[in-house]
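Engineer: just need the structure, nothing else, for what follows:
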Amino acid sequence: MMTSGVRIAVVDDHPLFREGVIRSLTETGRFTVVGEGGSSSDAIRIAAEARPDILLIDLSMPGEGLSAIPPIRARDSNIRIVVLTVSEAAEDIALALNSGANGYVLKGVGSRTLTEILVAVANGETYVTPTLSARLLSHLSSDKHSPIVTDPIHSLTSREREVLELVATGLSNKEIAIRLDLQEKTIKHHMTAILAKLQASNRTDAAMKLHASTTRGRTLR
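Structural biologist: You can find the predicted model right below:
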């Protein structure tokens, strides 16, 4: 697992913000910055030349950040791409994830939290800012033609399905435990089983798979 020495590149068209992010990440001692830029073309070039472990990219910049993700992903599937943006639009989140982004984080996040997120992404996880998860699921529910592809949920037990349905509403493990009159550690055990069965990287991913399965079921009726 990667826990130190993560090679990272930061692409954002605001120099002061970019420099601040680079300084904050460097000071943690966990990252080595191998490139920086301010446009989508910079992102594509840096990904090809520096081959960072993680590419931290903004959406609103010359050439648009979203346009850089597909070609980067097509050229090198090993680079982890994290969007760091002010956009809270569900459409942008869905497009970023479908294009191949491994994370979607809002600007304003603290340096400590950002460090934890990037280390998790470097270790193979997918991350979406929790406050945006419910918004994304709501968007998917209203968009029958959403391009996100997920797997069925048939392997879950009735209790696991119940837990996952509550996760999809945005409840925490503690809140779910209270709702179901169970211990929090029991909910954690259920979540571990759910993620394993669905091959989901996190709670948001699992909830998206539940939504897709439910939508398919309605279509087949």
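Engineer: please name the residues that touch Lys188.
Structural biologist: Neighbour list for Lys188: Asn173 [criterion: Cβ atoms under 8 Å, 6 or more residues apart in numbering]. For every residue, glycine as well, the C-beta is placed using N, CA and C.
Engineer: how about stretch 111-130: buried residues?
Structural biologist: Leu114, Thr115, Ile117, Leu118, Val119, Ala120, Val121, Ala122, Thr126, Tyr127, Val128, Thr129 (16 or more other Cβ atoms under 10 Å).
Engineer: what helices and strands are in contact with the host helix or strand of the first one?
Structural biologist: Okay, so that is Leu114. If you go by DSSP states H and E, Leu114 is part of helix 111-122. Counting contacts by 3 or more Cβ pairs under 8 Å, 6 or more residues apart in numbering; DSSP states H and E, helix 111-122 packs against strand 6-11, helix 15-27, strand 54-57, strand 80-85, strand 103-106, strand 127-128.
Engineer: strand partners of the first one, parallel vs antiparallel please.
Structural biologist: For strand 6-11, the paired strands and their directions (DSSP bridges) are strand 31-37 (parallel), strand 54-57 (parallel).
Engineer: TSV for those strands, including distance to Ser213 and mean pLDDT?
Structural biologist: Conversion of the strands paired with strand 6-11 to TSV gives the following (distance: least, Cβ to Cβ, whole Å; pLDDT from 0 to 100):
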stretch	distance to Ser213	mean pLDDT
strand 31-37	37	96
strand 54-57	31	97
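Engineer: Leu97 is nearest to which of those strands?
Structural biologist: Proximity to Leu97, assessed across these by Cβ to Cβ, is greatest for strand 54-57 (13.5 Å).
Engineer: may I have the closest one as PDB, with CA atoms only?
Structural biologist: C-alpha atoms of strand 54-57 as PDB (Å, rounded to 0.1, in the frame of the first residue of the first chain):
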ATOM      1  CA  ILE A  54      -2.000  11.200  -8.500                       C
ATOM      2  CA  LEU A  55      -3.100  14.000 -10.800                       C
ATOM      3  CA  LEU A  56      -5.000  16.700  -8.800                       C
ATOM      4  CA  ILE A  57      -7.000  18.700 -11.400                       C
END
